[in-house]
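J.: Need a 3D model of the following:
(one chain, ligands or ions: 1)
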Amino acid sequence: MGFLTSASPAEARVDLSAIRHNVSSLGGRAPGAEVMMVVKADGYGHGAVACARAALEAGATCLGTAFIQEALELRAAGITAPVLAWILPPGAELDRALTEGIELSAGVGWLLDEIAGAARRTGRPARIHLKVDTGITRGGATPAEWAALVEHGLALQAEGLVRIVGLWSHFACADEPGHPSIADQLELFDDAVNYAEKVGVSGAKRHIANSAATLTVPEAHYDLVRLGIAAYGLNPIPRLGDFGLRPAMTLAARIALAKRVPSGSGVSYGHSYVTERRTTVGLVPIGYADGIPRHGSNTCQVLVGGVRRTIAGRVCMDQFLVDVGDDELAAGDEVILFGPGDHGEPTAQEWADCLNTITYEIVTGIGPRVSRVYPVERP
Ligand SMILES: *Cc1c(COP(=O)(O)O)cnc(C)c1O
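T.: Purely as a prediction, here's the structure:
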């Protein structure tokens with residue numbers, strides 16, 4: 001096991017070769033489609049810029065973010081690939097988005113008008129993806145609103161203010177193979193696309209698949225698949241096996257302090273853990289403020305000195321403790337919270353299972369005090 005490479009007490013090590021592997025193998029499952037790498041929420045906690053670059057190297061042709069701010073961070077880092085941003089609340093920085101060449105989603109008429117206003121002000125026509133809500137009831141026009149949205153978009157396109165470059169939607173239950181809503185959503189999506197093409201939209205990319213649909217619904221691949229969680233090596237449908245994915249993130253910390261304590265020592269707030277014999281405890285300097293859920297108290301495991309240990313007592317804001325018995329432990333020793341599992345460490349999936357959540361929440365929750373590092377790769 002390596003040493004922490006940064007001065008911070010904990011670090012998320014991201015294996016960019018795993019990301020490249022995942023992107024290229026997932027792309028191979030959708031042969032007729034382009035790959036969009038979704039790097040919202042700082043690349044699912046892995047670092048958006050580095051992950052975007054790795055994905056582009058591995059064949060992704062474009063990037064996706066939730067917010068314009070996230071897309072602008074990619075541009076600020078010098079990334080010139082197409083980027084789509086899809087949550088545009090009132091007040092979103094549309095002018096800057098257009099000057100930076102960010103593509104925008106629109107599923108409602110007032111937003112189309114605001115985008116058109118930004119295009120007039122900046123002199124930059126907007127590249128837009130019209131979104132239809134086929135059954136998740138989040139963003140997008142309902143099927144009943146779709147015709148009006150498309151006609152509105154076409155009118156603005158005729159004025160040269162927008163160019164409709166995408167027609168898209170999003171699944172509600174793609175991670176439940178065979179769920180009846182999948183077929184229903186595909187049918188509504190086909191209807192929406194057919195209508196748009198019939199009334200004059202042409203050359204727009206059709207896309208609806210997230211990671212789960214990329215893996216299990218080939219008829220949903222269309223022209224583009226939007227890869228999030230699976231590109232980071234985490235499986236959206238764990239019960240179906242690992243799909244050959246390689247988890248990219250290893251979360252590691254360094255013991256800040258180790259000490260011998262007597263039997264009967266109450267450990268951490270509330271004394272929910274009490275030592276049963278003379279033992280060595282180690283302080284791990286990462287806590288719930290850094291995304292280690294307090295529900296992991298006395299439940300989740302970490303790897304210390306090659307041995308799995310359950311977190312001893314409550315997870316605090318900045319720290320938690322481990323009890324290593326009579327094993328050697330010293331300040332500076334490495335603790336692996338989770339990783340690919342290759343060295344016996346828990347996986348993010350195990351953390352998610354233990355916390356009754358999904359891996360998305362584990363990796364995106366890792367806070368800014370944890371540095372993201374990209375170990376130099378061996379050729
Ligand atoms: C987050 C997101 C994705 C990626 O989803 P995964 O399940 O992580 O692959 C795709 N499309 C949209 C609209 C999203 O919000």
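J.: and the closest residue to the ligand within the stretch 1-150 of the chain, what does it touch?
T.: The ligand sits closest to Val38 of the stretch 1-150 of the chain, with a gap of 4.3 Å, by CB to the nearest ligand atom. Every C-beta, even on glycine, is put in place using the N, C-alpha and C of the backbone. Shown in contact with Val38 (CB atoms under 8 Å, 6 or more residues apart in numbering): Tyr44, Leu63, Gly64, Thr65, Arg226, Leu227, Gly228, Ala231.
J.: Which ones among the residues you listed map onto helices?
T.: Among the contacts of Val38, the members found in helices (DSSP state H) are Tyr44.
J.: quick one: the helices in this protein?
T.: Using DSSP H, helices in the chain cover 16-29, 40-44, 48-57, 68-76, 94-99, 109-122, 143-158, 180-198, 211-216, 348-354, 359-364.
J.: residues touching the residue nearest to Val274 when sequence neighbours are not counted, list them.
T.: With CB to CB, 6 or more residues apart in numbering as the criterion, Val274 has its nearest non-adjacent residue at 5.2 Å, and that residue is Gly266. Residues in contact with Gly266 (CB under 8 Å, 6+ apart) are Tyr273, Val274, Gly313.
J.: Buried members of these into PyMOL, please.
T.: Applying 16 or more other CB atoms under 10 Å to these, the buried members can be selected in PyMOL as follows:
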select buried, resi 273+313
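J.: could you check the distance from the residue most central in space within the chain over to Gly228?
T.: Note on the chain: the residue nearest the mean C-alpha position is Tyr44, at 3.0 Å, using CA atoms, centre = their mean. The spacing between Tyr44 and Gly228, counted by CB to CB, to the nearest Å, is 6 Å.
J.: before we move on, what about Glu197?
T.: Glu197 is 28 Å from Gly228, by CB to CB.
J.: Neighbour count for those two, which is higher?
T.: Gly228 (23 against 15; other CB atoms under 10 Å).
J.: need the contact list for the more buried one.
T.: Gly228 makes contact with Val38, Lys40, Tyr44, Asn210, Ser211, Tyr360, according to CB under 8 Å, 6+ apart.
J.: distance of the fifth one from the ligand?
T.: Right, Ser211. 3 Å (CB to the nearest ligand atom, to the nearest Å).
J.: give me the number of residues near that residue?
T.: Ser211 has 26 nearby residues by other CB under 10 Å.
J.: could I get the helices of the chain as a markdown table with mean pLDDT?
T.: Conversion of the helices of the chain to a markdown table gives the following (pLDDT from 0 to 100):
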| stretch | mean pLDDT |
| --- | --- |
| helix 16-29 | 98 |
| helix 40-44 | 98 |
| helix 48-57 | 98 |
| helix 68-76 | 98 |
| helix 94-99 | 98 |
| helix 109-122 | 98 |
| helix 143-158 | 98 |
| helix 180-198 | 98 |
| helix 211-216 | 98 |
| helix 348-354 | 98 |
| helix 359-364 | 98 |
